[in-house]
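Participant: build me a structure from this.
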Amino acid sequence: MLRKKQNEIIRSSDRLSLCFRTFGVDVELISNEKRLLDDAFAVASRSLLGNISLAEEHISDQRQRFELLRTGNRYYRVLLNGEQISSGPTRWKFLKFFDGLLRVTVGEHAPNLVFLHSGVVAWKGKAILLPAHSFDGKSTLVTELVKLGAVYYSDEFAIIDEDGNIHPFARPINRRTDDGRFVPYEISLADLDASVGEVPIKCGVLFFTKFVKGSRWQPRIISKGEALLELIAFTLPIRVNPEFSLLVLNKLVDDAILLSGRRSEAKLSAIRLLDLIDKSEK
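Facilitator: Model (predicted):
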C-alpha cells in the first residue's frame, strides 16, 4: 500500500529525494525538479503495480539510486548508482526508459525472488512459462492463450520464490504494431475479459519458443539440463546472485513438462499448445 507523507520528499541542496521499498529492494529517486520526481514516482507505482512502501526510516546503503535530472536546455539524463545510463530531449521517452530500467533493476536485486523474463499463464491450476526475448512473439502468444481461457499472470516476468512458486505480475499486456514500425501499445485486461491469477502456483509447462513465419508445429521434449542452460539467458539476477538463482530454477523445472520449438501464427499455436498439455495429462 502507498503511504505518502509530506516529509517523505526531502530537499538536499538543489536536489529532491524520495525513497521506497519494492519486492525487498530499497530504491532512492533523486531529481533536480519536483515535477520530474513526482512523474517518476507515478511511473514507478504503475510499473510495479503498487507494490511500493514509502520509506519512513533510513534505507539500506545497498539501495539502488536513480538520478533523474533535467538540464537547462530541457535535456534529460538518468544515472543509476552514479553511472549515466541514458539521456535525451523527449520527456515521455525518458520516463518510458526509466520505467523499464526500474523493473529490470528491481528484478536483478530482489532478495529471495528470481525474476525470469517470461510470459506466464495458468492452465488447470499449473503455470505455462514462455521464456523469450523481445520481438520473439511472447506477448502475442500470451494474449491468444488468455483468449482461450488461460488465467493471466504476466507477459513480462515470472516472479519465482525460493520454493519454486510463481507469483502474479499482471501488468497490462504490452504489444507492438506489426506494420514494420513496431509502435508499442497496451491491451488492458478488461478489454480481454481476462481471468487474472491471484495466488502462487507451480510450473506445469516450460516452453521455449519464438515466432518464425512458416514454421511447423514440432515442439520437442528437452532434458532438465538443457532447460536450465536455456533459462540462464532469461534470469535477471543470475550475475548478482547466481547460487540462489540456480537453486530456484532447479525447483522451478522439477516436475514440469519441458519443451522447445519454433512456432508460427499465435492463435493456432495457442490451440495446439493447450491441446498438447491436455493430452499429456490423460
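Participant: what sits up against the longest helix along the chain?
Facilitator: For the chain, the longest helix by residue count, based on DSSP state H, is helix 91-109. Identification of contacts with helix 91-109 by C-beta atoms under 8 Å, 6 or more residues apart in numbering yields 22-23, 25, 27, 39-40, 43-44, 47-48, 64, 66, 68, 76, 78, 80, 85-86, 88, 115, 156-157, 236-237, 239-240. For every residue, glycine as well, the C-beta is placed using N, CA and C.
Participant: roughly how far apart are Arg35 and Leu68?
Facilitator: Using C-beta to C-beta, to the nearest Å, Arg35 is found at 11 Å from Leu68.
Participant: with neighbour numbers in mind, choose between those two.
Facilitator: Remark: of Arg35 and Leu68, Leu68 carries more neighbours, 22 against 10, as counted by other C-beta atoms under 10 Å.
Participant: where's the more buried one, which helix or strand?
Facilitator: Assigning secondary structure by DSSP states H and E places Leu68 in strand 64-70.
Participant: what separates that strand from the chain centre, distance-wise?
Facilitator: On the basis of C-alpha atoms, centre = their mean, to the nearest Å, strand 64-70 sits 21 Å off its chain's mean C-alpha point.
Participant: with just CA atoms, put that strand into PDB.
Facilitator: Extracted in PDB, the C-alpha atoms of strand 64-70 (Å, rounded to 0.1, in the frame of the first residue of the first chain):
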ATOM      1  CA  GLN A  64      19.500   1.500  -6.000                       C
ATOM      2  CA  ARG A  65      19.900   5.200  -6.700                       C
ATOM      3  CA  PHE A  66      18.200   6.700  -9.700                       C
ATOM      4  CA  GLU A  67      19.100  10.300 -10.500                       C
ATOM      5  CA  LEU A  68      16.600  11.800 -13.000                       C
ATOM      6  CA  LEU A  69      17.900  15.200 -14.000                       C
ATOM      7  CA  ARG A  70      16.700  17.900 -16.200                       C
END
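Participant: and it, what does it pack against?
Facilitator: Strand 64-70 makes packing contacts with strand 25-31, helix 34-47, strand 76-80, helix 91-109 when contacts are defined by 3 or more C-beta pairs under 8 Å, 6 or more residues apart in numbering; DSSP states H and E.
Participant: which sections of this protein are below the confidence cut-off?
Facilitator: 1-13, 56-58, 179-181, 282 (pLDDT under 70).
Participant: now Arg175: how far from Val183?
Facilitator: From Arg175 to Val183 the distance is 10 Å (C-beta to C-beta).
Participant: for these two, indicate the residue with more neighbours.
Facilitator: Comparing Arg175 with Val183 by other C-beta under 10 Å, the one with more neighbours is Arg175, at 17 against 10.
Participant: that one contacts Ser139, doesn't it?
Facilitator: Yes - judged on C-beta atoms under 8 Å, Arg175 makes contact with Ser139 at a distance of 5.4 Å.
Participant: related to what we said a few turns ago, beyond the longest helix of the chain, next helix or strand please.
Facilitator: strand 113-123.
Participant: export that next one as CSV, just CAs?
Facilitator: Extracted in CSV, the C-alpha atoms of strand 113-123 (Å, rounded to 0.1, in the frame of the first residue of the first chain):
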residue,chain,number,x,y,z
LEU,A,113,13.0,-14.0,-5.5
VAL,A,114,14.1,-14.8,-9.1
PHE,A,115,12.7,-12.6,-11.9
LEU,A,116,12.6,-14.5,-15.2
HIS,A,117,11.9,-12.7,-18.5
SER,A,118,8.9,-14.8,-19.4
GLY,A,119,5.2,-14.8,-20.2
VAL,A,120,3.1,-16.7,-17.7
VAL,A,121,-0.4,-18.0,-17.9
ALA,A,122,-2.1,-20.7,-15.8
TRP,A,123,-4.0,-23.7,-17.3
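Participant: elements contacting that strand?
Facilitator: Using 3+ C-beta pairs under 8 Å, 6+ apart as the contact test, the elements touching strand 113-123 are helix 91-109, strand 126-131, helix 138-147, strand 151-154, strand 157-161, helix 242-253.
Participant: turn these into TSV, including distance to Leu274.
Facilitator: Below are these laid out as TSV (distance: least, C-beta to C-beta, whole Å):
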stretch	distance to Leu274
helix 91-109	28
strand 126-131	9
helix 138-147	7
strand 151-154	12
strand 157-161	19
helix 242-253	20
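Participant: for the ones you listed, which one sits closest to Asp193?
Facilitator: When the helices and strands packed on strand 113-123 are compared by C-beta to C-beta, helix 138-147 sits nearest Asp193, at 8.9 Å.
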